[in-house]
Structure formats: structure tokens, C-alpha cells
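Asker: Pasting the sequence and the predicted model now:
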Amino acid sequence: MKNRREFLATTIPAAALLTTNSGETRAPLSGLSAVDDVKRNPEGFSDATPGGRDMADKAEDPRVRRARLAGPAQVTKDATVAEIAADGTMTVLFKGTNEWVCTPGDENKIGVPPMCMNPMGMQWMMDAMQGMPKPTNTAPGMIYMLCGATQRSNTNPRDKTSPAIPIGPHWMITWPFDPAANGLPTTVRDQGAWVMFAGTPYAYLHVCGTPWAGNEYHEGDDAVWTMSYARR
């Protein structure tokens, strides 16, 4: 199985419709109701049988494994996994028990990444891909893309033609950060953080790596200071 850095990802269409494995199409859903719909109506999905061989088989589906690589295990082990089609419909592959939705994407296509979104992150993603003037999430959202990414533009969320920019594993806080007010950079980096789409309603904080980078501190540990160089 490929590791996280071998996957390429970018912002993709979030689901506007939720489709069952039997082909039944449901009404347009928001990022919140897509998750809630799965929880409220498990009988509406052919893969919703709790436990047993069926669920074990689905956990071994390569699409499910790839989707779970996009986020931390604490989130993905109980997340709903859904596949998003080119027309924006979403088919549930594995019904989870928490509020997160993870998508396997397609690592061979630019703009079809694996990702994991909480409800506010999913709302932000749906607004962006449906062309809303500004996102409607009422609190900061979280989106993990720990498989890495390609991004068409760092400044224009609607750009679909520019050469792809390779971006490493990262996670996103979908809230309109002001880089000038917060002293944050606005250019693509391989470490640290920056504000992507700065100056647009879809500006958000892009954080490289994972929240678990580095070593944990335990009482009594020695501090080892390392040297770094600064340009004059």
C-alpha cells in the first residue's frame, strides 16, 4: 500500500447529493445533514448492517483504506467513508458512528483527493464547489489531507486550468484568517503554515504536516536545542 506522501490531492467537489449503493438518490444535502442522514436512516443503506463479515469486507476495500489514510486514526476509525462521483453525488462505502466523512478520492487525478471533513469543514467545501459567494459554516471547520495534495492555485479557489502545485500532507482550519493581522505568510511552503486564498472569502489556514509532528514532552525529559540558519 502506498504511504501518505505518494498520494496527490487537492480541493474537490463535496457532495451535493447522497446516493445509496442500490442507486437510490436522495435530496440535496448540506455538510451537516449528509452525516446526520446516515446516522438517522441506517436502514436506507445496503451496507449499514452492524458488525459481521459484510462490515469487515468493507473495511478491507482499498477505497476505504485510502480514505482512512487522509486523516488521523482517532478520527477515521469511526468515520463514514463515502465516494464522490464526478457529478457530485456521494455513495456511502462504510457507515461510521462519528460526525466525520472521509473520501478516498482518486490519486491518479488532479482535484480528486482523499480527505476527511468534520461537518463545518464539509459545509465549507460544499459552498466552495457549488460557487457560493462565501462559505456559510458558522464555526471553524477541519479538513485533513494527510495524503498530500496538488493545488491549481494558491490565490484563486476557482482556478481549474493552472499547472498543479504539489503540496505535502496537511490539515486545514476553514475560517477566514487575515494574514496581515495575524502575521502569517501567504505563499506555499513545505513546512509551517500559511493562509491559502488570502483576500478572498475562502481564505483559510493551511498547516503543513500533522498535529502530531515532533516528540512528546514528558516530565523530566531533557531539552535538546538544535541549530538552524537564518538568511542575512
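Answerer: Structure received. Residues are numbered from 1 along each chain as shown.

Asker: quick one, helices of this structure?
Answerer: 31-40, 52-59, 62-69, 73-76, 119-129, 179-182 (DSSP state H).

Asker: Going by contacts, tell me the helices and strands next to the third one.
Answerer: Packing contacts for helix 62-69, counted by 3 or more C-beta pairs under 8 Å, 6 or more residues apart in numbering; DSSP states H and E, involve helix 73-76, strand 80-84, strand 89-94, strand 101-103. Any C-beta I mention is one placed from the backbone N, CA and C, and that applies to glycine too.

Asker: Could you say which of those is packed most deeply?
Answerer: Counting by mean count of other C-beta atoms under 10 Å, strand 101-103 has the highest mean neighbour count of the helices and strands packed on helix 62-69, with a mean of 28.

Asker: Pairing partners for that strand, with directions?
Answerer: strand 80-84 (parallel), strand 115-117 (antiparallel) (DSSP bridges).

Asker: how about the helices and strands packed on helix 62-69 in CSV, adding distance to A67?
Answerer: As requested, the helices and strands packed on helix 62-69 are exported to CSV (distance: least, C-beta to C-beta, whole Å):
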stretch, distance to A67
helix 73-76, 7
strand 80-84, 5
strand 89-94, 8
strand 101-103, 4
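
Asker: got TSV for these, with distance to T136 and mean pLDDT too?
Answerer: Output for the helices and strands packed on helix 62-69, formatted as TSV (distance: least, C-beta to C-beta, whole Å; pLDDT from 0 to 100):
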stretch	distance to T136	mean pLDDT
helix 73-76	23	94
strand 80-84	20	89
strand 89-94	19	88
strand 101-103	17	95
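
Asker: I'd like to know which of the ones you listed is closest to N182.
Answerer: Nearest to N182 among these is helix 73-76 (26.0 Å), distances taken as C-beta to C-beta.

Asker: So E83 sits against R63, correct?
Answerer: Yes. Counting by C-beta atoms under 8 Å, R63 is a contact partner of E83 at 6.1 Å.

Asker: Can you mark which positions in stretch 180-187 are buried?
Answerer: Residues 184, 186 are the ones in stretch 180-187 that count as buried (16 or more other C-beta atoms under 10 Å).

Asker: now swap in stretch 158-173 and tell me
Answerer: 167-173.

Asker: Then stretch 96-116?
Answerer: 96, 99-107, 110-116.

Asker: Quick one, which of the strands paired with strand 101-103 gets closest to A70.
Answerer: Short answer: strand 115-117, nearest of the strands paired with strand 101-103 by C-beta to C-beta, at 4.9 Å.
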